[in-house]
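Colleague: sequence first, predicted coordinates after that:
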Amino acid sequence: MSYTPSCRLTGSPLDLVLDLGRQPLGNGFLTPAQFNEEYFFSLQCGFSEDSKLFQLIEQPAPEMMFHQDYAFFSGTSQHMKHHFADFATDIITKGFVKDESSFIVELGSNDGIFLTHFAQRGISHLGVEPSGVVADVAESQGITVTREFFDSSLAQAIVAQYGQADVVSAANVMCHIPDIMELARGIESLLKDDGVLIFEDPYLGEIVRLTSYDQIYDEHVFLFSALAVQSIFETVGMQLIDLEPQSTHGGSMRYTLAKFGRRAVAPAVQEILNQEVAQGLDKTETFAKFSRRVKESGSALRNMIQDLKGQGHTVAAFGATSKSTTVYNYAGIGSDLLDYICDNTPFKQGKFSPGAHIPIFPENHFREATPDYAFLAAWNHEKEVRDNNKAFEELGGRWITHVPKVHFLN
Ligand code: SAH
């Protein structure tokens with residue numbers, strides 16, 4: 001009998017809509033001594049017209065991805081620092097957090113980039129963060145952190161120790177958590193009756209529109225739409241009360257939810273749900289078309305870089321991002337095609353990219369060696385990267401991107 005994958009929310013059969021092949025851990029930067037023992041899995045995506053959830057069929061165990069040496073530090077981007085400052089102000093302005101006695105819990109608090117704005121104002125807060133090195137940074141800045149994976153038993157423990165929360169917030173983490181029902185139940189029990197859940201994640205509508213298939217990697221077990229978020233949370237008696245598109249991570253959505261009937265619903269909710277139906281985010285067929293565009297994008301990028309190398313040019317990449325792991329391993333771009341990757345995270349420097357094994361150098365190497373061409377792996381930080389590397393363009397260097405299709409940026 002053949003195996004039929006099932007939806008992580010409803011258990012209904014999934015349609016296999018995209019196959020990105022054999023892939024390593026997106027953030028699994030490694031040393032040559034580790035090449036032989038590298039872990040790979042099959043990166044395939046399924047969709048359910050029933051739950052509207054776009055999801056990975058197989059995902060590595062969370063402990064393999066989030067651990068003591070987890071290499072993603074939110075605070076490495078100035079743009080994200082500003083974003084989280086604005087996000088915190090927005091929560092306070094809307095009155096979701098009223099005064100010092102209000103209690104906010106953040107899931108995936110990482111290095112404290114967001115909670116620091118509450119800690120500085122003396123507001124009760126708690127970060128939930130299982131990855132050791134990033135939690136250390138948050139604690140060193142006076143942020144209270146519990147180093148665990150969030151689930152409904154942790155929610156119970158938090159309520160017992162601190163009481164229920166006015167706000168549960170999360171950024172770029174809800175889409176990481178495979179047991180979505182357990183997560184929803186935990187959040188519902190953690191919130192006060194008039195509490196709100198506010199979270200943001202890369203937005204499926206933008207991924208489909210931009211063919212930004214690099215948002216799909218091991219950590220992102222789900223890529224959410226508002227339709228999907230609605231079907232998840234209605235099972236625990238919660239509803240969407242606001243939707244706000246964000247420019248971060250190449251196009252994200254901020255979802256605000258409350259317990260049914262507790263708060264007014266903003267007009268944006270119905271507007272965006274309607275747009276999603278118009279875009280076909282409720283139909284398997286849309287993702288079959290997306291999959292064909294992904295295939296074209298992968299071959300176009302490989303061909304372009306291969307041609308440039310054939311002409312004797314140097315081609316580097318900017319940003320050792322987890323997103324680009326998907327691109328290199330799907331498109332078959334290895335150290336034969338990319339000379340090196342540069343990145344400002346010390347932890348990644350001197351290591352090699354997952355699967356493709358391209359060497360990673362500090363950013364000053366990029367400025368000193370000045371390649372002829374550079375693939376903008378951190379395409380979602382285009383402005384920040386280009387502003388910081390004007391000399392590259394002035395010396396005739398050209399940026400390559402694959403979003404929304406493969407082309408030169410300058
Ligand atoms: N919120 C930050 C970090 C996003 S990276 C930002 O937007 O920049 C995702 C973070 O979530 C990682 O630090 C990871 O360790 C953490 N995480 C993963 N699974 C989690 C879980 N089940 N509960 C809480 N945090 C989790």
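Modeller: Alright, I've got the coordinates. These numbers were taken from a predicted model, which means no experiment stands behind them. Residues are numbered from 1 along each chain as shown.

Colleague: which helix or strand in this structure has the lowest average pLDDT?
Modeller: Least confident helix or strand, the chain: helix 62-65 with a mean of 83, by mean pLDDT, DSSP states H and E.

Colleague: after it, next one along is what?
Modeller: helix 78-93 (DSSP states H and E).

Colleague: any idea of the mean pLDDT for the very next helix or strand once past that following helix?
Modeller: Remark: after helix 78-93, the chain's next helix or strand is strand 103-107, criterion DSSP H and E. Averaged over strand 103-107, pLDDT sits at 98.

Colleague: thinking again about what came up before, chain center to the least confident helix or strand of the chain, what's the gap?
Modeller: 15 Å (Cα atoms, centre = their mean, to the nearest Å).

Colleague: got the buried residues for it?
Modeller: For helix 62-65, a neighbour-count test (16 or more other Cβ atoms under 10 Å) marks 62, 65 as buried. Placement of C-beta: from N, CA and C, glycine included.

Colleague: kindly report the same for stretch 361-370.
Modeller: For stretch 361-370, burial by neighbour count (16+ other Cβ under 10 Å) applies to 361-363, 365-366, 370.

Colleague: now do stretch 177-189
Modeller: Result for stretch 177-189 [16+ other Cβ under 10 Å]: buried residues 177, 179-180, 183-188.

Colleague: got it, and stretch 56-70?
Modeller: In stretch 56-70, counting by 16+ other Cβ under 10 Å, buried: 56-57, 59-60, 62, 65-66, 70.

Colleague: gap between the two ends of that stretch?
Modeller: The first and final residues of stretch 56-70 sit 21 Å from each other (Cα to Cα, to the nearest Å).

Colleague: do that stretch and the ligand meet?
Modeller: Yes - counting by Cβ under 6 Å from any ligand atom, the ligand has neighbours in stretch 56-70: 62, 66, 70.

Colleague: if we can go back for a sec, just the buried residues of stretch 361-370: which are in strands?
Modeller: When the buried residues of stretch 361-370 are checked against strands (DSSP state E), the matches are residue 361.

Colleague: list the contacts of the closest residue to the ligand within the chain.
Modeller: Across the chain, no residue is closer to the ligand than residue 108, which sits at 2.7 Å (Cβ to the nearest ligand atom). Going by Cβ atoms under 8 Å, 6 or more residues apart in numbering, residue 108 touches 128-129, 170-173, 176.

Colleague: and the angle for the top strand by length along the chain with strand 103-107?
Modeller: Ranked by residue count under DSSP E, the longest strand found in the chain is strand 191-202. Strand 191-202 and strand 103-107 are oriented at 40 degrees to each other (axes from the mean of the first three to the mean of the last three Cα atoms, to 10 degrees).

Colleague: partner strands of strand 191-202, parallel or antiparallel?
Modeller: strand 165-171 (parallel), strand 252-259 (antiparallel) (DSSP bridges).

Colleague: in whichever helix or strand comes after it, what's buried?
Modeller: Once the chain leaves strand 191-202, the next helix or strand it forms, by DSSP H and E, is helix 204-210. By neighbour count on 16+ other Cβ under 10 Å, the buried set for helix 204-210 is 204-208, 210.

Colleague: who does helix 204-210 touch, helix- and strand-wise?
Modeller: In terms of contacts (3 or more Cβ pairs under 8 Å, 6 or more residues apart in numbering; DSSP states H and E), helix 204-210 is packed against helix 267-279, helix 284-310.

Colleague: got a list of contacts for it?
Modeller: If you take Cβ under 8 Å, 6+ apart as the criterion, helix 204-210 is touched by 54, 212-213, 215-216, 223-225, 228, 250-253, 275-276, 279, 281, 286-287, 290, 403-404.

Colleague: just the helices in the stretch 101-250 of the chain please.
Modeller: Here the stretch 101-250 of the chain has its helices, by DSSP state H, counting those that start in this stretch, at 116-119, 132-140, 152-162, 180-190, 204-210, 226-234.

Colleague: how about JSON lines for those helices, with mean pLDDT and distance to residue 297 added?
Modeller: Shown next, in JSON lines, are those (pLDDT from 0 to 100; distance: least, Cβ to Cβ, whole Å):
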{"stretch": "helix 116-119", "mean pLDDT": "97", "distance to residue 297": "38"}
{"stretch": "helix 132-140", "mean pLDDT": "93", "distance to residue 297": "32"}
{"stretch": "helix 152-162", "mean pLDDT": "97", "distance to residue 297": "39"}
{"stretch": "helix 180-190", "mean pLDDT": "97", "distance to residue 297": "29"}
{"stretch": "helix 204-210", "mean pLDDT": "98", "distance to residue 297": "10"}
{"stretch": "helix 226-234", "mean pLDDT": "98", "distance to residue 297": "24"}
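
Colleague: I'd like these as JSON lines, with distance to the ligand appended.
Modeller: Converted to JSON lines, the helices of the stretch 101-250 of the chain look like this (distance: least, Cβ to the nearest ligand atom, whole Å):
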{"stretch": "helix 116-119", "distance to the ligand": "12"}
{"stretch": "helix 132-140", "distance to the ligand": "5"}
{"stretch": "helix 152-162", "distance to the ligand": "8"}
{"stretch": "helix 180-190", "distance to the ligand": "7"}
{"stretch": "helix 204-210", "distance to the ligand": "16"}
{"stretch": "helix 226-234", "distance to the ligand": "15"}
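
Colleague: out of the ones you listed, nearest to residue 75?
Modeller: Among these, the nearest to residue 75 by Cβ to Cβ is helix 132-140 (7.5 Å).

Colleague: thinking again about what came up before, buried set for the longest strand of the chain?
Modeller: Per 16+ other Cβ under 10 Å, strand 191-202 contains these buried residues: 191-192, 195-202.

Colleague: can I get the strands paired with strand 191-202 in a markdown table with mean pLDDT, distance to the ligand and mean neighbour count?
Modeller: Below are the strands paired with strand 191-202 laid out as a markdown table (pLDDT from 0 to 100; distance: least, Cβ to the nearest ligand atom, whole Å; neighbours: other Cβ atoms under 10 Å):
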| stretch | mean pLDDT | distance to the ligand | mean neighbour count |
| --- | --- | --- | --- |
| strand 165-171 | 98 | 3 | 25 |
| strand 252-259 | 98 | 9 | 23 |
